[in-house]
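**Q** quick one, what's the 3D model for this:
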Amino acid sequence: MIKDFSCMVLHKWLNLKLNFNVDLDMVIKNRSTPLILFFLLFKNVMADEIQELDAMTIYSGQDVTEEIANPTKMEIGFGREALQANPRQDLNNVIKSQPGVMLLQGSGETMSNISLRGAGGAGQGMFTLDGVPLFGNFAGFFSLGQYPIDTLENVTITKGMGGDKHGSRTLGGSLHLQTRRLKDAEHFLHLEGGSYDTLRETAGTGLATKVGDFSMVVGRSDVFTGISQARTGTERDGFDMTHASGNWFKNFDRGSLDASLYLVDTHEDYDGPGVLANKKIGWIDDKKGLVSSETIISQLHGEYDVATHWNSALQLGFTQNRQEMVTTLIKPFALTSQLLMVDWKNTHRFELDNKNQQAIVTWGINTQHQRTMNFPTVHQTVISPNVRGELFLGKWQLKADARFDQGDVYGNHSVFSLGVNRELGSNLNLWANGGTGYRQPGVSELMNPVYGNKNLKGESNAGGEMGLTLRLNVDNEIKVSGYYQHYQNMITLQLNSATGSIKSGNVTEADVWGAEIQGQHRWTTQWKTGLSYGYMDATNSATRLKVALRPEHQGIFWNELQLWQPLKFRLELNVHDGYWFDTSNQSRANFAARLNSLLNYEVTPKTDVYVRVENINNERTAEITPDFNFNGTAFYFGVRSRF
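**A** Prediction:
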C-alpha cells in the first residue's frame, strides 16, 4: 500500500506536470525506477533549446551568511570562502564554532559523537548531503572526515524546530551539506602533510557545456602512523580514505535540473574491547582490528514553473552505507544500510499589497524507505505529507509548518512548528518559535551488532525558543537565544560504567534548556574577534541524573590578525567543562581547553601556503569514553591553488 502510494505520487507528477506518459505498473515493479525517471527528466531537458549557463552561486562568500528565507531561528550558512578560511580540512571547526552544537572526538580520524541542543540523531538524518539524509557510522557516531571542506560548496546549520524542510527529521537541529560547484575552466589543487605521517591531496575541476555545467572533485587522505585509539595503547593505527564527487546542473525554459554523486571509501586500524587494569571491559590495542566503510550518495532534482505563482519540484535520493568490522573479541560483521527518498514539493508565491508583503505556501509529500541488506526482514517506510506557510508583512515575518508521518513500523505521528520574527529598525531582530518533533530510529541504529539496539523506540519532543539578533554590519553582530525542550524516549549512546559496554538506548523523559550567545567584532581593519558560547542543562526527568555526553558549558573564542597584506594569523581557544560519560553518572570527563592556530600566506591572489597547529597545549583529555585516546599537538603544512 505504501509503495503503491509513493508511485502514484510520482505517476501524477510526471504525467501532469512534465507531460510524460508513464506506465504505473512498470514503475511499481521495476527496481530501476530512479534510472528510468532520470532518463525521462533528462529527455525533457534535452528537448529544450540548448544554451550555455554560468555555474549557480548559492552564497555571497561573506564570512557567515544568514539564510534570509528563515529568520525565525538560529540558522547559519557558511559559504565557500568561509569554509576555506577554517583551520581544519574537515567540518570540525565549522561545527564547533556554533553554540548548542556539541562535538566529542576520539583519536585521529575516529568517528565523532555529535548532539544539537541535547538531541542526537547522528545515527540517521542529522546530516544531509544535497538534500539526502545520511546514515551515521556505528549508530550514534558520525565520521566528519568523510566530507572534506574542499568537496563542499556550503554548509547550513539549523537548530530548533522545523528542520524537516531540508529533508532531516532530527529534533535538536541538523547540518546540511552541498557538494561543490566549480565554474567553467575553474580548477584547484590542495596538498597537505604533517604530523602522524599525514598526507592529503584534493583536486577539482569545472566544465560548462551545451548539455549543462559539470563539476568534479577527487581526493585521498592517509594517516600512516596515527596514535592508538586506546588510551593505554602503544600500537600505531593507520587510516586511509579515497573520495570522489561530481554534480551536474542544467537550466532550461521554466525550470532546472541537477544531479550529484558522492563516493567515499575508508579503511581504519581499529582497537577493540578487552579487560583493563581495573578489571572492567574497555578499549585496548588490537593488532587484528580493522574497520572499512563505503558510502554512496546520489540524487536527482528537478524544478518546473507550472504557472506564474507555482513551482513544482521533485527529488529522488539514494544513500548506501556499508560497514565491515573485524576485531579479536568481536565476531566479524558487515552491515549495509540503504535509504531511498522521494520528495515532491510545490511552492506558491503571492505578492500582497507591495513587494514588501508576500505570502509563500509550500506543500508536498516526502517518502523515505530504509532497509538493511543483511537482514531482509528489517525495513521501514514513512510517507509524510507536509505543508508550510510563510507570511512577510513589512517588518513582521510569520511561519507555520506541519508534517503528518504515516509509518508502517512506528505508526502515525503529526508534528508542527510556529515562528514569528519582528524587525526593530534596520539592525535588530526579535524572534520566537516553538513546536513538536518526532524521529523514528534508523535501521543502522537498530541493527548495528556493536552499538545498535533492536528495541529502540521513536523519540519525540516539544518546546520553544526566543532570541534576538543585532547586526551593525558584516563584521559586528551579536545573537542571543534561549530555549527549552521536553523529550520523550530520547535516543542516546549509553555507556554502562559497570561493564564498559556502549549501546544505543532511550531516555524515557528528559528536560533540556539552555542559552546561546554568538558574536564578532572588528576592532581595526587588521584585527577581528569572535565569541561563541552555549550553556545547556540536560536532565533525565525520572532519575534527576544528567544525560551522558552533554557538557553544560562549551565555547570558542578566536582572534584573527592581518599581520600585513599577504599574511594572516588566526588563534582560537576551544573549551568545554566536565560532563558524565555514563547514564549512572559514575564516570566523569574532565574540563578541557585546546588552542589551535593558523598562519596563512597569500603568495598570489590564487595561491596560498599555510601552517596550522592543532592542540598547541597538548591537552589529551578523553571525550567519548574514559579509555579513548585524543591526539596531542600536531603540525600541518599545506598549499592550495586555483588556476
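**Q** for the most far-flung residue of the chain relative to its centre, give its distance to F392.
**A** Farthest-out residue of the chain from its mean C-alpha position, per C-alpha atoms, centre = their mean: D353, at 38.7 Å. With distances taken as C-beta to C-beta, to the nearest Å, D353 is found 11 Å from F392. Bear in mind the C-beta positions are built from the backbone N, C-alpha and C, glycine included.
**Q** what comes up buried for stretch 336-355?
**A** By neighbour count with 16 or more other C-beta atoms under 10 Å, stretch 336-355 contains the buried residues 336-348.
**Q** oh sorry, the question was meant for stretch 78-85
**A** The neighbour-count check on stretch 78-85 (16+ other C-beta under 10 Å) flags F78, G79, R80, A82, L83, Q84, A85 as buried.
**Q** what do you get for stretch 425-432?
**A** Residues of stretch 425-432 classed as buried by neighbour count (16+ other C-beta under 10 Å): N429, W431, A432.
**Q** one more: stretch 476-485?
**A** For stretch 476-485, the neighbour count (16+ other C-beta under 10 Å) marks E477, K479, V480, S481, Y483, Y484, Q485 as buried.
**Q** what does stretch 507-523 give?
**A** In terms of neighbour count (16+ other C-beta under 10 Å), stretch 507-523 has its buried residues at 507, 510-520, 522.
**Q** any chance of CSV for the buried residues of stretch 476-485, columns secondary structure, distance to N559 and pLDDT?
**A** Below are the buried residues of stretch 476-485 laid out as CSV (DSSP: H, G, I helix; E, B strand; the rest coil; distance: C-beta to C-beta, whole Å; pLDDT from 0 to 100):
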residue, secondary structure, distance to N559, pLDDT
E477, strand, 17, 88
K479, strand, 19, 92
V480, strand, 21, 94
S481, strand, 24, 94
Y483, strand, 29, 96
Y484, strand, 33, 97
Q485, strand, 33, 96
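**Q** closest one of those to S597?
**A** For the buried residues of stretch 476-485, the residue nearest S597 by C-beta to C-beta is E477; the value is 24.2 Å.
**Q** could I get the buried residues of stretch 336-355 as JSON lines with pLDDT?
**A** Shown next, in JSON lines, are the buried residues of stretch 336-355 (pLDDT from 0 to 100):
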{"residue": "T336", "pLDDT": "95"}
{"residue": "S337", "pLDDT": "95"}
{"residue": "Q338", "pLDDT": "97"}
{"residue": "L339", "pLDDT": "96"}
{"residue": "L340", "pLDDT": "97"}
{"residue": "M341", "pLDDT": "97"}
{"residue": "V342", "pLDDT": "97"}
{"residue": "D343", "pLDDT": "96"}
{"residue": "W344", "pLDDT": "97"}
{"residue": "K345", "pLDDT": "96"}
{"residue": "N346", "pLDDT": "97"}
{"residue": "T347", "pLDDT": "97"}
{"residue": "H348", "pLDDT": "97"}
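**Q** among those residues, which are in helices?
**A** Among those, none falls in helices (DSSP state H).
**Q** quick check: phi and psi on G145?
**A** phi -60, psi -20 (degrees, to the nearest 10).
**Q** between the buried residues of stretch 476-485, which is nearest V275?
**A** Nearest to V275 among these, counting by C-beta to C-beta, is Q485 at 39.6 Å.
**Q** so what sits opposite that closest one in the bridge?
**A** Here Q485 sits in beta bridges with G463, V512, going by DSSP bridges.
**Q** correct me if wrong: it contacts G463.
**A** Yes: between Q485 and G463 there is a contact at 3.3 Å, judged by C-beta atoms under 8 Å.
**Q** quick check: neighbours shared by these two?
**A** Counting by C-beta atoms under 8 Å, 6 or more residues apart in numbering, the common neighbours of Q485 and G463 are V512.
**Q** what helix or strand is L470 on?
**A** If you go by DSSP states H and E, L470 is part of strand 459-473.
**Q** from the chain's centroid, how far away is that strand?
**A** Here strand 459-473 is found 19 Å from its chain centre; the criterion is C-alpha atoms, centre = their mean, to the nearest Å.
**Q** and what of stretch 439-459?
**A** Distance of stretch 439-459 from the chain centroid (C-alpha atoms, centre = their mean) equals 19 Å.
**Q** and what of stretch 374-389?
**A** What separates the centre of stretch 374-389 from the centre of its chain is 20 Å, taken as C-alpha atoms, centre = their mean.
**Q** so for stretch 112-121, what's the average pLDDT?
**A** Stretch 112-121 comes out with an average pLDDT of 87.
**Q** whoops, I mixed them up, stretch 310-330
**A** For stretch 310-330, the mean per-residue pLDDT is 94.
**Q** what does stretch 621-634 give?
**A** Averaged over stretch 621-634, pLDDT sits at 90.
**Q** quick one: end-to-end distance for that stretch.
**A** Using C-alpha to C-alpha, to the nearest Å, the end-to-end distance of stretch 621-634 comes to 15 Å.
**Q** that one: which residues count as buried?
**A** A622, E623, I624, T625, P626, D627, F628, N629, F630, N631, A634.
**Q** same question for stretch 610-621.
**A** Y610, R612, V613, E614, N615, E619, R620.
**Q** thinking again about what came up before, between the buried residues of stretch 336-355, which is nearest Q320?
**A** The closest of the buried residues of stretch 336-355, once distances to Q320 are taken by C-beta to C-beta, is Q338, at 4.8 Å.
**Q** residues touching the closest residue to the closest one other than its chain neighbours, list them.
**A** Leaving aside its sequence neighbours, Q338 sits nearest to Q320 (C-beta to C-beta, 6 or more residues apart in numbering; 4.8 Å). By C-beta under 8 Å, 6+ apart, the contact list for Q320 reads E294, T295, I296, T336, S337, Q338, L339.
**Q** for R588, state which of the residues you listed is nearest.
**A** Each of the contacts of Q320 was scored against R588 by C-beta to C-beta, and S337 proved nearest at 33.5 Å.
**Q** excluding its backbone neighbours, what's nearest that closest one?
**A** Excluding the flanking residues, the one nearest S337 by C-beta to C-beta, 6+ apart is S444, at 4.4 Å.
**Q** helices and strands around whichever strand or helix holds the one you found, which ones?
**A** Here S444, judged by DSSP H and E, is contained in helix 443-447. The contact analysis (3 or more C-beta pairs under 8 Å, 6 or more residues apart in numbering; DSSP states H and E) places helix 443-447 against strand 124-129, strand 333-351, strand 357-372.
**Q** list the ones among the buried residues of stretch 621-634 that fall in strands.
**A** A634 (DSSP state E).
**Q** what are the contacting residues of the host helix or strand of H190?
**A** Element membership for H190 (DSSP H and E) is strand 187-194. Contacts with strand 187-194, where a contact means C-beta under 8 Å, 6+ apart, come from 89, 150, 182, 198-206, 219, 634-643.
**Q** 6 Å instead?
**A** For strand 187-194, the external contacting residues (C-beta atoms under 6 Å, 6 or more residues apart in numbering) are 150, 199-205, 635-636, 638-643.
**Q** got it, and stretch 218-230?
**A** Stretch 218-230 has contacts (C-beta under 6 Å, 6+ apart) with 107-108, 196-203, 235-244, 271, 283-285, 629.
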